[in-house]
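Asks: Quick one: sequence and predicted model below, then my questions.
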Amino acid sequence: SQDDLREAASVAYLERCARLEQKVADHQEDLVDLRDRWHNLRETDASAEERLDHLEERLERFEAEVRSQLEGVVRDRSEEMRADFAAELRAELLGDLRAEAEAARARAEASEEI
């Protein structure tokens, strides 16, 4: 009968509406979950940026410290090399002076003999 058909159509329509409402609720839950994930990802990204900035600052300080230490080592080594060179030069000059003094003494002794 017509009433039975209408009743069945109404029940089918209401069931379809209930399924659609459930799908909407599921999608809304998914949307809330996606928003939470997006928020967490943004927080994680900001935290990673902060850590990266902190690491870059530490690296810059470390590089400055290493550079300073190397400059000190180079400076100390340069001073050592200068001192070594001066000592070698002094010894060489003293050797030359002694040799010249010996030669002058030998010449003086030779001229006295004459």
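Replies: Sure, I can see it. None of these values were measured; they are calculated from a predicted model.
Asks: Which helix or which strand is home to residue 111?
Replies: Using DSSP states H and E, residue 111 sits within helix 2-113.
Asks: Quick check: mean pLDDT of that helix?
Replies: Averaging pLDDT along helix 2-113 gives 93.
Asks: Could you check how far it is from the centre of its chain?
Replies: Relative to its chain's centre, helix 2-113 lies at 0 Å (Cα atoms, centre = their mean, to the nearest Å).
Asks: Can you name every helix or strand that it contacts?
Replies: Using 3 or more Cβ pairs under 8 Å, 6 or more residues apart in numbering; DSSP states H and E as the contact test, no helix or strand touches helix 2-113. C-beta: built from backbone N, CA, C; applies to glycine.
Asks: Next, count neighbours for residue 102.
Replies: Applying other Cβ atoms under 10 Å, we find 10 residues neighbouring residue 102.
Asks: swap in residue 72?
Replies: So residue 72, with other Cβ under 10 Å, has 10 neighbours.
Asks: now do residue 36
Replies: 10.
Asks: any idea how far residue 30 is from it?
Replies: According to Cβ to Cβ, to the nearest Å, residue 36 and residue 30 sit 11 Å apart.
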